[in-house]
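Novice: sequence plus the predicted model coming up.
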Amino acid sequence: MTRDRRDESPAAPMLRRADDLREHTIGATDGDIGTVEDVYFDDLSWTVRYLVVDTGGWLSGRKVLLSPPSFRGVDDAGRRIETALTRRQVEESPSIDTAKPVSRQHETALGAHYGYGAYWSGPYRWGAFAYPYPLLHAGVLPPVTESPYENRVAEELAARERENEDPHLRSARAVKGYGIRATDGDLGHVEDFLLDTQDWAIRYLVVDPRSWWPGPHVLIATDWIRGVSWNDSVVEVDVTREAVRGARRYDARGTFGRPDEISWYAEHRRPGYWERPADAWRHSPPAA
């Protein structure tokens with residue numbers, strides 16, 4: 001399948017650390033909702049699917065899941081993420097127990113309530129789109145009605161069709177500390193993630209290598225992940241330790257934009273993710 005240019009991002013993004021999103025205030029169109037507590041991503045595409053939001057005293061400490069199709073943008077200076085939602089929409093959203101794994105049925109119910117499609121259906125990172133925002137820009141997020149569950153029958157049918165599917169959702173907070181294993185030995189452990197808030201893909205693992213050598217932080221592209229042993233808390237990557245040590249370091253105090261990425265990929269002699277079609281994220285094998 002070829003690239004659909006209607007869904008291309010207009011500009012290369014500056015990448016953000018997942019940790020930096022914590023404590024960002026989530027704003028509705030009529031007031032604040034709460035603060036970001038965690039990030040849920042799927043381990044097939046390494047894409048952020050939900051922010052876990054603590055609503056504090058407003059909803060008696062209830063936690064809710066909000067997905068990027070409802071976001072208007074991220075304001076790092078103000079430490080805010082604005083949404084196209086109302087507080088009532090959030091209040092009447094299906095209840096989720098964030099202490100338990102999120103089921104596909106819960107995801108289907110959330111999508112039906114907020115009006116965004118199933119990201120797991122379609123060729124692109126966000127189902128029918130490469131980016132989550134066409135839904136917002138098209139104005140399809142529904143207004144609150146008297147019954148937020150009027151499509152309950154359709155939701156239940158869709159949930160039954162997908163009840164055996166594993167949504168593959170992981171907590172970023174839980175994955176921090178996982179070991180990184182290169183093709184020739186251990187590299188260190190996951191300290192954070194660099195993500196692109198245009199398509200909400202996690203592009204890099206920020207790795208602390210001090211258990212291997214006393215150097216500064218390094219980056220590992222999620223494209224290079226060969227597999228994850230969730231029982232052993234280890235990420236297997238398709239790169240050697242010497243290749244990582246010989247490449248540029250990551251300055252956690254600075255920024256990491258497209259010029260840095262181009263140089264970094266060139267040092268590793270691998271093509272950048274921006275050079276492939278938008279739908280190729282599902283099928284890219286580990287680089288040679």
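Specialist: Good, I have the coordinates. Residues are numbered from 1 along each chain as shown.
Novice: averaging pLDDT per element, find the lowest-scoring helix or strand in the chain.
Specialist: None of the helices or strands of the chain scores lower by mean pLDDT, DSSP states H and E than helix 152-161, at a mean of 44.
Novice: and the host helix or strand of residue 89, what does it pack onto?
Specialist: Per DSSP states H and E: residue 89 is located in helix 87-91. For helix 87-91, the contact count by 3 or more CB pairs under 8 Å, 6 or more residues apart in numbering; DSSP states H and E identifies strand 25-28, strand 31-42 as packing neighbours. For glycine as for every other residue, the C-beta is placed from the backbone atoms N, C-alpha and C.
Novice: please repeat the previous calculation with a cut-off of 10 Å.
Specialist: Using 3 or more CB pairs under 10 Å, 6 or more residues apart in numbering; DSSP states H and E, the elements in contact with helix 87-91 are strand 25-28, strand 31-42, strand 63-66, helix 104-114.
Novice: to residue 195, which of these lies closest?
Specialist: strand 31-42 (8.0 Å; CB to CB).
Novice: what angle sits between whichever helix or strand comes after the closest one and strand 31-42?
Specialist: Of the helices and strands lying after strand 31-42 in sequence (DSSP H and E), the nearest is strand 47-54. Between strand 47-54 and strand 31-42, the angle comes out at 140 degrees (axes from the mean of the first three to the mean of the last three CA atoms, to 10 degrees).
Novice: strand 47-54: how far from the chain's middle?
Specialist: 7 Å (CA atoms, centre = their mean, to the nearest Å).
Novice: how close does residue 52 get to residue 264?
Specialist: Separation of residue 52 from residue 264 (CB to CB, to the nearest Å): 30 Å.
Novice: neighbour count winner among these two?
Specialist: residue 52 (22 against 18; other CB atoms under 10 Å).
Novice: ok, that one to residue 33 distance?
Specialist: 12 Å.
Novice: who touches both of the two?
Specialist: Contact criterion CB atoms under 10 Å, 6 or more residues apart in numbering; residues shared by residue 52 and residue 33: 64, 66.
Novice: before we move on, the earlier item: nearest to residue 14 among the helices and strands packed on helix 87-91 would be which one?
Specialist: Across the helices and strands packed on helix 87-91, closest to residue 14 is strand 31-42 (CB to CB), at 17.7 Å.
Novice: now the closest one: average pLDDT?
Specialist: Here strand 31-42 scores 96 as its mean pLDDT.
Novice: buried residues in that strand, which are they?
Specialist: By 16 or more other CB atoms under 10 Å, the buried positions in strand 31-42 come out as 33-42.
Novice: same question, stretch 194-208
Specialist: In stretch 194-208, counting by 16+ other CB under 10 Å, buried: 194-208.
Novice: centre of the chain to it, how far?
Specialist: Averaging C-alpha positions (CA atoms, centre = their mean) puts stretch 194-208 8 Å from its chain's average.
Novice: repeat for stretch 168-178
Specialist: For stretch 168-178 - counting by CA atoms, centre = their mean - the centre lies 11 Å from the chain centre.
Novice: for stretch 234-245, same thing?
Specialist: 22 Å.
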